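Got a sequence here, can you model it:
(one chain, ligands or ions: 1)
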Amino acid sequence: MNNHNPIIALDFATKAEVLHFLEPFNEKLFVKVGMELYFQEGPSIVTDLKERGHDVFLDLKLHDIPNTVKSAMKGLASLGADVVNVHAAGGLRMMESAIEGLEAGTPAGRTRPLIIGVTQLTSTSEQQMQEEQNIQTSLHDSVLHYAAISKQAGLDGVVCSVLEAASIKNECGHEFLRVTPGIRLNEGQGHDQIRIATPEVARLEGSSLIVVGRAITQSNHAVETYHLVKQQWEGY
Ligand SMILES: O=C(O)c1cc(=O)[nH]c(=O)n1[C@@H]1O[C@H](COP(=O)(O)O)[C@@H](O)[C@H]1O
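Numbering: from 1, shown residues only. Alright, predicted model coming up:
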């Protein structure tokens, strides 16, 4: 993967809807397949998008005992996704097992997918984290802690919000990826997201990759909106 385009979250229920959405784009994209699409269309949606030339982030956020995650990753590795993820809350051993599974399942001659750890979801507020997860620290410190254990486990980076990207870059180094969802062109349009930022702020704060869903997929002019996001993200 050497594609730093904004990642478009294909949060659709069917392959037909995906193909309808992609139809007007005349370029190679970086897309994300999440639970909604994968659970309804199955593994072929990933191989199909790869065959069409797109880079694919397979966002299934695995979180289970180490052995189960290892076996699941072994199977997923053969699909050819460029990036996969796990919940860092699953722990160090689980993340190490995820990497072992990916390495075991990657076909000879191919490089294994990048693997990143979800820290605190961008839909989580500090108050919610403290009350519901009973984590008695700041949200920022919780995200940094998850980033540190993800790095210790050997992961390639984390999913975090733009608000934590600069600190993670400082603590974990430039090479350790900061993949940031919760991107909005207009900060008033948060939907269910709490920790949001514009593509421009993401660039200035040191995100490595941005994930953009509804701002593009629900736009009446998706191609134009994608290019506006890309322009702000790349800063030209
Ligand atoms: O792992 C993710 O991609 C993810 C992590 C996170 O903390 N927050 C988050 O929004 N996401 C995903 O990023 C996308 C954001 O979509 P929009 O809010 O529509 O831009 C969704 O597909 C989420 O599943």
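
All the helices of the chain, residue numbers only.
Taking DSSP state H to define them, one finds helices in the chain at 15-22, 35-41, 44-51, 66-77, 92-105, 126-132, 139-153, 162-172, 199-205, 214-217, 222-234.

OK, contacts around the closest residue to the ligand within the chain?
The chain approaches the ligand most closely through residue 213 (2.6 Å), counting by Cβ to the nearest ligand atom. C-betas here are computed from N, CA, C, even on glycine. By Cβ atoms under 8 Å, 6 or more residues apart in numbering, the contact set of residue 213 is 8, 9, 11, 32, 181.

What separation do you get for the residue nearest to the second one when sequence neighbours are not counted and residue 31?
Counting by Cβ to Cβ, 6 or more residues apart in numbering, residue 9 lies nearest to residue 213, which is 3.3 Å off, once chain neighbours are set aside. Distance from residue 213 to residue 31, counting by Cβ to Cβ, to the nearest Å: 11 Å.

Mutual contacts of these two, please.
Common neighbours of residue 213 and residue 31 are listed as 8, 9 (criterion: Cβ under 8 Å, 6+ apart).

and the longest strand for this structure?
Determined from DSSP state E, the single longest strand within the chain is strand 55-62.

Now do that strand: everything it contacts.
Defining contact as Cβ under 8 Å, 6+ apart, one finds that strand 55-62 is touched by 1, 3, 5, 7, 9, 28-35, 38, 46, 49-50, 69, 72-73, 76, 79-87, 90, 98, 113, 118, 179, 211.

just these that are near the ligand?
9, 34, 85, 118, 211 (Cβ under 6 Å from any ligand atom).

and this structure, which residues reach the ligand?
For the chain, the contact set with the ligand under Cβ under 6 Å from any ligand atom comprises 9, 11, 34, 59, 61, 85, 118, 121-122, 159, 181-183, 191, 193, 211-215.
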